[in-house]
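Visitor: Coordinates for the following, if possible.
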Amino acid sequence: MSLIELESVSYAYPDSPAPALKELSFSIAEGEYVAVLGANGSGKSSLLRLLDGLRAPTRGELRVGGLSTSTEEGRRSALAAVGLVFQSPADQIVSSSVEEDVAFGPENLGLPRAEILTRVGRALAAVGLEGERFRPSRFLSAGQQQRLAVAGALATDASCIAFDEATAMLDPEARERVLALMDELVLSGKAVVHVTHDMSEAARASRLLVLEGGALVFDGSPAELFSPGRQALRASASLELPECATLAAALGLEARPRESMRELAARIVQRYRARPRAAAPKAGTKVLESAFILKGASHSYLHGTDNEQLALSGVDLAIPRGARLALVGRTGSGKSTALQLLDGLVAPTQGSVTALGMDLAKAGKLLRSIRMRAPLAIQRPESALFERYSGDDVAFGPRNLGLAGPKLVGRVKAAMDEAGLAFEAFRDRPTRSLSGGEKRRLALAGVLAMGGEALLLDEPTSALDPATKRSILELLIGPARGETTVVMATHSMAEAARAELVAVFDSGRLAALGEPASIFYEGFDPSWGLRRPLVCELASELEAAGLRLEARPLSAQALVAALEPLASGEAAERLAPA
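Guide: Now for the predicted structure:
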């Protein structure tokens with residue numbers, strides 16, 4: 001039975017020159033698991049807001065439970081039937097404490113107090129926030145706020161839960177918990193609509209919808225979308241194969257979208273013969289000038305109050321000039337606080353911070369100069385956009401550096417083009433008309449336009465489509481950045497593996513620091529609550545099966561190169577360079 005039905009549905013925002021959604025016709029059944037894919041700005045978030053009754057179609061008809069959302073009765077029905085987890089959790093957190101926020105939905109349904117408390121406890125347990133029940137919601141990390149938003153939607157017991165990039169800012173353990181929760185919801189008879197840019201997550205769904213420019217260009221199974229015959233469609237919609245399938249294709253094997261890492265390892269072992277592994281060469285020690293130094297740095301939020309929360313404890317960290325450093329760790333492990341210390345946005349409650357040669361405790365009026373030389377892109381940078389037009393927002397920083405006229409325009413154009421927002425097309429676009437991903441890129445352009453000696457970035461690629469994410473990551477940590485020091489917090493271990501150094505934070509402490517190969521191979525500790533990059537997991541699985549490699553690969557290309565000496569016959573031909 002259809003729970004949601006769309007007939008020729010279109011929607012246009014008042015300030016936008018083009019409709020966000022165009023002539024959509026499809027239905028979603030009770031208990032169906034649907035993933036919605038597409039590039040940033042393709043209309044995914046707009047679609048969810050229509051499904052939830054927050055907006056009514058400009059044209060066409062959308063029915064939830066048989067009632068049109070263009071009527072007041074239908075809108076109320078949609079709000080009750082479809083629970084929405086927003087892309088930005090701060091947009092839906094309405095109460096001062098965790099418990100009160102989760103209770104907000106059930107309270108508005110008029111449920112008895114006992115039932116409300118039962119639902120609150122069940123929802124918090126489902127997302128792993130039982131221990132934060134009475135904590136002020138504003139003091140949660142961004143990842144914890146994301147889980148709180150999920151709990152709020154679960155507590156309403158809606159017939160359909162719609163997730164808008166709900167896993168984008170979660171650590172690997174929390175992400176798996178939410179994905180497993182989606183599976184459980186479907187098994188219980190609830191429909192799940194999941195907007196995601198992660199193709200491995202999308203492959204878990206039974207059905208995929210692909211939007212391009214607001215139009216529905218694909219409606220089918222993961223097997224069909226990820227088949228060789230759909231390569232042109234995937235490229236046009238900025239989609240990729242799931243990571244396991246990408247690795248398989250790189251190795252000349254059949255790409256299987258839902259294949260697990262262990263299943264792929266078994267297929268690789270069948271193809272190659274075992275070979276002893278040579279000792280990995282040790283990297284030489286480099287002595288470099290430090291761009292940033294933390295010495296015994298600790299920080300507590302609400303220091304000295306009953307609600308004091310220790311975020312960092314006794315961190316010693318020296319970051320070389322020109323280095324690319326990735327900060328990883330569970331949600332709430334201290335990564336964002338460390339970045340704020342480096343930029344002087346917060347001061348250590350103990351210890352010291354030196355940034356670009358200056359002790360920040362003694363910086364005084366020069367602290368503003370440090371922030372200009374080492375700009376920080378906060379975890380949700382789009383929340384800091386404030387100018388009416390996109391080009392003006394990017395120009396704010398360099399204008400405050402004294403740039404004007406053609407030099408200012410040139411700096412803004414270069415930054416917007418680098419961030420994937422063509423200057424001529426986006427400079428006069430109202431910032432509020434941009435999609436979530438476009439806002440993220442605009443905020444990043446504002447940081448790039450500063451032309452600083454260092455970049456401090458908190459989850460810079462979160463909520464970006466695969467093609468944009470790849471280009472932005474190359475822009476930030478690739479050779480184009482030259483001698484710029486880049487410190488980047490990320491929940492993507494594949495992104496961290498591309499950095500020169502990785503710092504692991506665990507419960508506010510610096511648990512490990514080293515090169516990616518060391519961190520993700522012999523130095524890896526499962527107690528950190530992280531998952532190694534899939535390539536590293538696969539290499540370890542191959543070794544466990546007796547297929548020993550001479551290197552410690554960190555990318556698909558490196559894995560292909562490591563396996564090449566073991567290839568023979570047909571395998572050797574498939575792995576030969578083009």
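Visitor: does Leu208 belong to a helix or a strand, and which?
Guide: Here Leu208, judged by DSSP states H and E, is contained in strand 207-212.
Visitor: right, and the helix or strand after that strand?
Guide: Elements were assigned by DSSP H and E; along the chain past strand 207-212, the next helix or strand is strand 215-220.
Visitor: okay, the angle between the strand holding Leu208 and strand 215-220?
Guide: 160 degrees (axes from the mean of the first three to the mean of the last three C-alpha atoms, to 10 degrees).
Visitor: So what's the model's average confidence on strand 207-212?
Guide: When pLDDT is averaged over strand 207-212, the result is 97.
Visitor: same for it, what does it pack against?
Guide: Taking 3 or more C-beta pairs under 8 Å, 6 or more residues apart in numbering; DSSP states H and E as contact, the helices and strands that strand 207-212 lies on are strand 33-37, strand 215-220, helix 222-225. In short, each C-beta sits where N, CA and C put it, glycine included.
Visitor: For Pro172, find the nearest of those.
Guide: For Pro172, the closest of these is strand 33-37, at 19.2 Å, according to C-beta to C-beta.
Visitor: mind pulling up the phi and psi values for His197?
Guide: Main-chain torsions, His197, degrees, to the nearest 10: phi -100, psi 0.
Visitor: For the closest residue to it other than its chain neighbours, grab the count of nearby residues.
Guide: Leaving aside its chain neighbours, His197 sits nearest to Asp465 (5.0 Å; criterion: C-beta to C-beta, 6 or more residues apart in numbering). Using other C-beta atoms under 10 Å, the number of residues around Asp465 comes to 22.
Visitor: what's the answer for Lys407, then?
Guide: If you count neighbours by other C-beta under 10 Å, Lys407 ends up with 11.
Visitor: secondary structure class for it?
Guide: Put simply, Lys407 is helix when judged by DSSP: H, G, I helix; E, B strand; the rest coil.
Visitor: Show the pLDDT at it.
Guide: 95.
Visitor: any idea how far it lies from Ala445?
Guide: With distances defined as C-beta to C-beta, to the nearest Å, the gap from Lys407 to Ala445 amounts to 16 Å.
Visitor: And for Phe226?
Guide: Distance from Phe226 to Ala445, counting by C-beta to C-beta: 32 Å.
Visitor: Got phi/psi on Val127?
Guide: phi -110, psi 0.
Visitor: and it, what does it touch?
Guide: With contacts taken as C-beta atoms under 8 Å, 6 or more residues apart in numbering, Val127 has the following neighbours: 147-148, 150-151, 154, 174, 177-178, 181.
Visitor: For Gln557, identify the helix or strand it belongs to.
Guide: helix 556-563.
Visitor: In that helix, which residues are buried?
Guide: Going by neighbour count (16 or more other C-beta atoms under 10 Å), the buried part of helix 556-563 is 556, 558-563.
Visitor: okay, the residues you listed in JSON lines with distance to Pro479 and pLDDT next?
Guide: JSON lines is the format used below for the buried residues of helix 556-563 (distance: C-beta to C-beta, whole Å; pLDDT from 0 to 100):
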{"residue": "Ala556", "distance to Pro479": "20", "pLDDT": "90"}
{"residue": "Ala558", "distance to Pro479": "18", "pLDDT": "92"}
{"residue": "Leu559", "distance to Pro479": "22", "pLDDT": "91"}
{"residue": "Val560", "distance to Pro479": "22", "pLDDT": "89"}
{"residue": "Ala561", "distance to Pro479": "20", "pLDDT": "89"}
{"residue": "Ala562", "distance to Pro479": "23", "pLDDT": "88"}
{"residue": "Leu563", "distance to Pro479": "27", "pLDDT": "87"}
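Visitor: closest to Glu424 among those residues?
Guide: Of the buried residues of helix 556-563, the one sitting nearest to Glu424 (C-beta to C-beta) turns out to be Ala556, at 35.4 Å.
Visitor: Kindly provide the distance from the closest one to Thr468.
Guide: 19 Å.
Visitor: before we move on, what about Glu184?
Guide: Relative to Thr468, Glu184 is positioned 31 Å away (criterion: C-beta to C-beta).
Visitor: So for these two, which sits in the more crowded spot?
Guide: For the pair Glu184 and Thr468, the greater number of neighbours falls to Thr468 (23 against 12), based on other C-beta under 10 Å.
Visitor: helix/strand/coil for that one?
Guide: Using three-state DSSP, the structure places Thr468 in helix.
Visitor: where along the stretch 401-550 of the chain do the helices fall?
Guide: For the stretch 401-550 of the chain, helices defined by DSSP state H, counting those that start in this stretch occupy the ranges 405-418, 423-426, 436-448, 466-477, 493-496, 516-520, 534-544.
Visitor: export the fifth one as PDB, just CAs?
Guide: The C-alpha trace of helix 493-496 is given here as PDB (Å, rounded to 0.1, in the frame of the first residue of the first chain):
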ATOM      1  CA  MET A 493      39.300   7.700   7.400                       C
ATOM      2  CA  ALA A 494      39.800   7.500   3.600                       C
ATOM      3  CA  GLU A 495      40.300  11.300   3.700                       C
ATOM      4  CA  ALA A 496      42.600  11.100   6.700                       C
END
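Visitor: Show residues contacting that helix.
Guide: By C-beta under 8 Å, 6+ apart, the residues outside helix 493-496 that reach it are 172, 243, 326, 328, 461, 473, 488, 490, 502, 516, 520, 530-536.
Visitor: Kindly report the same for the second one.
Guide: Contacts to helix 423-426, defined as C-beta under 8 Å, 6+ apart, come from residues 390-391, 412-413, 416-417, 434, 438, 442.
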